[in-house]
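Peer 1: Sequence first, predicted coordinates after that:
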Amino acid sequence: MEIRDIIRRKDIDMIEKDATVADALGRLVTRDAESIIVKRSNPHDAYGMVTRRDILVEVIAKGLDPRKVKVTEIMNSPLVILNNIELDVRHAAQAMANTGVSTIVIFDKGDIYGSLSSDDIIGAVSKKLLREHLDSKM
């Protein structure tokens with residue numbers, strides 16, 4: 001199964017580096033998203049990512065005020081990325097396992113194509129196994 005078969009290709013929400021965690025949280029909740037990408041300052045800078053879990057662990061659990069914490073203080077950077085949507089999904093799973101992240105960003109031809117989470121991979125593999133099981137019963 002290739003990454004292209006399961007990637008969520010949708011508008012990837014991005015936020016400015018000087019935004020607060022409250023800004024990011026509002027966008028995550030409004031869009032029902034798990035993560036948001038933090039924009040680069042310049043073409044030579046790295047993108048970052050903030051997840052709901054980052055906000056929970058690094059801000060809420062520590063009793064910090066989300067209006068005073070900047071996304072750059074809690075973001076994961078540089079992003080874990082893959083540059084080929086034709087790779088087997090196991091490469092995405094390996095990248096997640098090796099880096100300890102649950103979401104990676106997929107680029108295609110230099111542009112952000114979409115994101116892929118561990119839940120996306122687990123769901124796709126589960127559906128494939130179910131289809132194969134049902135096909136074998138016929």
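Peer 2: The structure has been received and is ready for your questions.

Peer 1: Please count neighbours and contacts with C-alpha atoms only from this point.
Peer 2: OK.

Peer 1: Can you check which helix is longest in the chain?
Peer 2: As assigned by DSSP state H, the longest helix anywhere in the chain is helix 118-137.

Peer 1: and it, what other elements does it pack with?
Peer 2: helix 3-6, helix 89-99 (3 or more C-alpha pairs under 8 Å, 6 or more residues apart in numbering; DSSP states H and E).

Peer 1: Deepest in the core, which of those helices is it.
Peer 2: Highest mean neighbour count among the helices and strands packed on helix 118-137 (mean count of other C-alpha atoms under 10 Å): helix 3-6, with a mean of 17.

Peer 1: For the following helix or strand past it, which strands pair with it and how are they oriented?
Peer 2: Once the chain leaves helix 3-6, the next helix or strand it forms, by DSSP states H and E, is strand 14-15. Strand partners for strand 14-15, identified by DSSP bridges, are recorded as strand 35-38 (parallel).

Peer 1: distance between the strand it pairs with and the chain's centre?
Peer 2: 7 Å (C-alpha atoms, centre = their mean, to the nearest Å).

Peer 1: Check which helices and strands whatever helix or strand comes next after it sits against.
Peer 2: Where DSSP H and E defines the elements, the next helix or strand beyond strand 35-38 is strand 48-51. Other elements packing on strand 48-51 under the criterion 3+ C-alpha pairs under 8 Å, 6+ apart are strand 35-38, helix 71-74.

Peer 1: again, only using 10 Å
Peer 2: Identification of packing neighbours for strand 48-51 by 3 or more C-alpha pairs under 10 Å, 6 or more residues apart in numbering; DSSP states H and E yields strand 14-15, helix 21-31, strand 35-38, helix 71-74, strand 103-108.

Peer 1: Mean pLDDT, distance to Arg131 and mean neighbour count for the ones you listed - can I get that in a markdown table?
Peer 2: Listed next are the helices and strands packed on strand 48-51 as a markdown table, based on pLDDT from 0 to 100; distance: least, C-alpha to C-alpha, whole Å; neighbours: other C-alpha atoms under 10 Å:
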| stretch | mean pLDDT | distance to Arg131 | mean neighbour count |
| --- | --- | --- | --- |
| strand 14-15 | 94 | 36 | 19 |
| helix 21-31 | 96 | 31 | 17 |
| strand 35-38 | 92 | 30 | 24 |
| helix 71-74 | 97 | 40 | 20 |
| strand 103-108 | 88 | 25 | 20 |
